[in-house]
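Participant: One predicted model, sequence on top.
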Amino acid sequence: RALTELDLHRSILDRSKLAVWFAFWSEVKSRPVYQEICEQVDEYYDNVFLALCSQLIVQGEYKDVTASAISTALNSMTNGMWLSYLISPKHFDRRGAMQAIDEYLHSIFPKHFPL
């Protein structure tokens with residue numbers, strides 16, 4: 001939860017920062033140096049989420065879930081929330097976004113994320 005909360009923190013979820021970030025991403029395919037940087041950052045971030053999800057699955061003895069699917073979903077949620085904020089900051093609700101993440105985490109890891 002702390003990582004996703006950080007993704008939605010005001011210091012990260014800033015319109016000018018997100019505009020630069022998405023512009024940077026739009027150049028990735030045409031600039032190999034950008035792609036290398038993005039791949040390294042993404043790989044590190046993905047591995048952290050993957051390790052945390054794997055640990056929770058083992059600790060909670062959760063069945064029928066995979067760490068890779070959960071970490072992909074969480075990453076996709078926060079990326080989608082960033083885009084939503086960038087497009088319509090006046091209508092973006094940080095609390096509602098965090099609640100969506102909390103409810104998702106609770107649905108997967110109810111022992112670790114009670115509502």
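Facilitator: Arrived safely, thanks for sending. Numbers count the residues shown, from 1 in each chain.

Participant: Tell me how many other residues surround residue 101.
Facilitator: By the criterion of other C-beta atoms under 10 Å, residue 101 has 20 neighbours. Glycine gets a C-beta too; all of them are placed from N, C-alpha and C.

Participant: neighbouring contacts of the worst-scoring helix or strand of the chain on mean pLDDT?
Facilitator: Every helix and strand in the chain was compared by mean pLDDT, DSSP states H and E; the lowest is helix 2-7, with a mean of 73. The contact list for helix 2-7 (C-beta atoms under 8 Å, 6 or more residues apart in numbering) reads 12, 13, 48, 49, 52, 74, 77, 78, 81, 82, 98, 101.

Participant: Report the central residue of this structure.
Facilitator: The chain has residue 75 as the residue nearest its centroid, 3.1 Å off, counting by C-alpha atoms, centre = their mean.

Participant: Low-confidence stretches in this structure?
Facilitator: 28-30, 34 (pLDDT under 70).

Participant: where's residue 114 relative to residue 105, distance?
Facilitator: Spatial separation of residue 114 from residue 105 under the definition C-beta to C-beta, to the nearest Å is 10 Å.

Participant: now residue 111, nearest residue through space, not along the chain?
Facilitator: residue 60 (4.6 Å; C-beta to C-beta, 6 or more residues apart in numbering).

Participant: neighbours of that neighbour, just the number please.
Facilitator: Count around residue 60 with other C-beta under 10 Å applied: 15.

Participant: again, but for the one 3 residues further on
Facilitator: Here the neighbour count serves as a burial measure; for residue 63 (other C-beta under 10 Å) it reads 6.
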